[in-house]
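Peer 1: here is a sequence with its predicted model. Questions after.
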Amino acid sequence: LPGATDPADTPDPGSRQRALRSGNRLGRPPAWRRGPTTIVEPTGLDDEWLTVVATGGRSDAPLRLRSAQSGRLVPGESLGDGQWRFSLRPVRAGNEPSWRVEVAANDRWRETGGRLAASRLARWGRYGQTVAQVAANGHLVLRHRHVLPVVATVDRDLRIRVGEQPHLRQVRLRHVDLLIDLPAQRSEGCWEIDPTAAVRFGLPVPLRPGTWQAEGLVDGSWWKLAALPEGIHRSRRRDEPVRAQLDDRTGRTRLTASLSEDSVTVCSSAWYTDEERGRWNQAILTASTTRAAPRRPLRRAVLYESFDGQAVGGHPKAMFRTLRHDLSDWDHYWVISPGATYAPEGARPLVRLSREYFERLADPRIVIANAALPKHFRRRDGQVVLQTWHGTPLKRLRLDMITFEHVRAGYAADSIVEAEQWTHLISPSPYCSGIFPRAFAFSNELLEIGAPGNDRLIDPDDDEVIAIRERVGLAAHQRVVLFAPTWR
């Protein structure tokens with residue numbers, strides 16, 4: 001009735017009551033959401049306990065910690081006068097980074113309130129950092145980051161130095177997606193990580209594109225490293241940056257090292273010029289170089305490409321070993337993808353999808369590849385394109401596939417046009433000779449001459465065999481059994 005009042009409708013000054021819209025009417029919140037708010041603020045934080053003080057409507061009500069991930073509970077222990085404490089052992093033992101403080105109210109548990117001006121408490125432990133603070137929504141939140149705090153610095157050559165600790169057994173840089181490692185080296189009382197000194201299969205390689213995380217080995221487990229605040233501040237005082245950048249122009253990658261209280265990371269990204277970056281610029285480069293190609297004479301050069309520039313290996317590498325001596329007065333170009341590999345000794349690097357790549361692809365007399373070439377490539381008169389392929393087709397290949405629903409649109413048509421650009425196709429066996437022409441729709445010259453990459457196994461160099469045995473510690477009379485399963 002007009003003028004009638006209900007005590008339950010009278011808002012309390014400390015209440016968080018809010019109007020809830022129901023259809024076209026404003027409805028009242030349920031009973032468990034009405035009433036005075038319990039204000040809980042952190043007052044102490046050490047290695048074992050979090051201490052809080054509760055004020056407001058239900059300061060004497062029980063408190064607990066609740067994991068935001070699993071719902072795991074840690075009951076609070078009352079110290080009297082509205083003070084409570086929580087054990088941090090369950091928080092630091094598991095892999096649950098976020099916890100919230102809840103209060104019992106009307107047979108329910110609900111999140112507590114807090115003042116945004118409340119102080120933020122942080123504590124570094126042996127295996128991480130614990131932070132207690134009031135979040136933006138007014139709730140008291142406890143967060144624990146499972147990281148290993150270290151004193152770390154980075155210089156302008158991108159060398160990261162991590163201070164030694166009694167429990168730290170090893171340090172590495174690990175790619176977060178590819179799970180490949182770059183081990184650190186001990187140097188002058190610290191661990192030193194050099195991102196420009198990566199090695200793969202015994203050969204120097206650029207740092208693979210992506211994010212690399214510094215980790216430390218402690219008690220048989222790898223822990224994510226984080227830079228202590230004093231290490232960061234010390235770097236600034238000594239004019240050493242907490243963020244450094246370096247361009248690897250040979251591998252065409254840009255490396256950025258960052259130190260923070262959250263992590264120690266190195267980010268590697270492909271480095272292209274402005275006119276080479278993006279689909280629009282790539283289309284412009286493709287069109288301009290394709291139109292200009294017929295006006296340029298063919299050069300005495302050989303271009304090698306292995307798996308889209310991802311490797312220096314396969315049959316192209318075997319042929320390069322011979323041709324670099326037989327055609328010593330020719331130019332030899334090896335296609336590389338940024339961050340994947342360096343060109344072999346004796347060959348000039350040619351960065352895939354760069355301006356020089358589009359120009360050089362159109363004018364060498366010989367092109368040797370073991371996989372697909374770019375779709376825009378068109379063979380010129382007098383140009384030799386040798387496709388070595390990269391294996392024996394024990395599965396259905398290209399046009400032999402039963403269906404094309406699992407590949408991109410136009411795959412079959414593009415495969416036919418691509419094979420028309422090959423002047424020669426190498427077959428390693430009669431079995432392949434019966435499949436390749438049909439699978440590729442290939443009608444030019446088929447060379448059944450074996451696999452070039454296997455020549456070294458059939459007719460090895462005795463001096464090279466001796467050197468390999470010495471390097472791996474095998475005596476001349478020891479028999480070796482090689483187990484080499486497929487890479488898949």
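Peer 2: The structure has been received and is ready for your questions. Residues are numbered from 1 along each chain as shown.
Peer 1: off-centre distance for stretch 209-219?
Peer 2: On the basis of C-alpha atoms, centre = their mean, to the nearest Å, stretch 209-219 is displaced by 11 Å from the centre of the chain it belongs to.
Peer 1: from residue 431, how far off is residue 315?
Peer 2: 17 Å (C-beta to C-beta, to the nearest Å). The C-beta positions use only the backbone N, C-alpha and C, and glycine is treated the same way.
Peer 1: tell me which of these two has more neighbours.
Peer 2: residue 315 (24 against 12; other C-beta atoms under 10 Å).
Peer 1: helix or strand: which one has that one?
Peer 2: Residue 315 belongs to helix 314-326 when assigned by DSSP states H and E.
Peer 1: contacting residues around the next helix or strand after that helix?
Peer 2: Sequence-wise, the next helix or strand downstream of helix 314-326 (DSSP H and E) is strand 331-336. Strand 331-336 has contacts (C-beta atoms under 8 Å, 6 or more residues apart in numbering) with 251-252, 299-306, 308-309, 312, 320, 323-324, 342-344, 346-352, 357, 360, 364.
Peer 1: just for the stretch 51-200 of the chain, where's the confidence low?
Peer 2: 57-59, 94, 113-119, 126-127, 136-138 (pLDDT under 70).
Peer 1: backbone dihedrals for residue 80, both of them.
Peer 2: Main-chain dihedrals, residue 80, degrees, to the nearest 10: phi 90, psi 160.
Peer 1: in PDB, could you pull the C-alpha coordinates for stretch 268-288?
Peer 2: The C-alpha trace of stretch 268-288 is given here as PDB (Å, rounded to 0.1, in the frame of the first residue of the first chain):
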ATOM      1  CA  SER A 268      61.600 -14.500 -31.000                       C
ATOM      2  CA  SER A 269      59.700 -13.200 -34.000                       C
ATOM      3  CA  ALA A 270      60.200 -13.200 -37.700                       C
ATOM      4  CA  TRP A 271      61.800 -10.000 -38.900                       C
ATOM      5  CA  TYR A 272      60.600  -8.600 -42.300                       C
ATOM      6  CA  THR A 273      60.800  -5.100 -43.700                       C
ATOM      7  CA  ASP A 274      57.600  -3.100 -43.900                       C
ATOM      8  CA  GLU A 275      57.200  -3.800 -47.700                       C
ATOM      9  CA  GLU A 276      57.500  -7.600 -47.000                       C
ATOM     10  CA  ARG A 277      55.100  -7.800 -44.100                       C
ATOM     11  CA  GLY A 278      51.400  -8.700 -44.500                       C
ATOM     12  CA  ARG A 279      49.300 -10.300 -47.200                       C
ATOM     13  CA  TRP A 280      48.700  -7.200 -49.100                       C
ATOM     14  CA  ASN A 281      52.500  -6.400 -49.500                       C
ATOM     15  CA  GLN A 282      53.100 -10.100 -50.300                       C
ATOM     16  CA  ALA A 283      50.600  -9.900 -53.100                       C
ATOM     17  CA  ILE A 284      52.300  -6.800 -54.400                       C
ATOM     18  CA  LEU A 285      55.700  -8.400 -54.400                       C
ATOM     19  CA  THR A 286      54.400 -11.500 -56.100                       C
ATOM     20  CA  ALA A 287      52.700  -9.500 -58.900                       C
ATOM     21  CA  SER A 288      55.600  -7.100 -59.500                       C
END
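Peer 1: what's next to that stretch, contact-wise?
Peer 2: With C-beta under 8 Å, 6+ apart, stretch 268-288 has contacts from 195, 206-210, 212, 247-249, 252-256, 337-339, 353-355, 358, 376.
Peer 1: filter these down to just the ones in helices.
Peer 2: Of the contacts of stretch 268-288, the ones assigned to helices by DSSP state H are 355, 358.
Peer 1: weed out the non-buried ones from the contacts of stretch 268-288.
Peer 2: 195, 206-209, 212, 248, 252-256, 337-339, 353-355, 358 (16 or more other C-beta atoms under 10 Å).
Peer 1: and the gap between residue 82 and residue 65?
Peer 2: 17 Å.
Peer 1: more neighbours: which of the two?
Peer 2: Ranked by neighbour count (other C-beta under 10 Å), residue 82 and residue 65 place residue 65 first, with 21 against 16.
Peer 1: hmm, that one is touching residue 96, no?
Peer 2: No: look at residue 65 against residue 96 with C-beta atoms under 8 Å: they stay out of range, at 10.3 Å.
Peer 1: ok but residue 431 is inside a strand, no?
Peer 2: No: per DSSP: H, G, I helix; E, B strand; the rest coil, residue 431 lies outside any strand segment and is helix.
Peer 1: and the strands in the stretch 251-400 of the chain, which stretches?
Peer 2: With DSSP state E, counting those that start in this stretch as the criterion, the stretch 251-400 of the chain has strands at 253-259, 264-270, 299-305, 331-336, 348-351, 364-369, 384-387.
Peer 1: just want the angle from the first one to strand 264-270.
Peer 2: Think strand 253-259. On the basis of axes from the mean of the first three to the mean of the last three C-alpha atoms, to 10 degrees, strand 253-259 is oriented at 160 degrees to strand 264-270.
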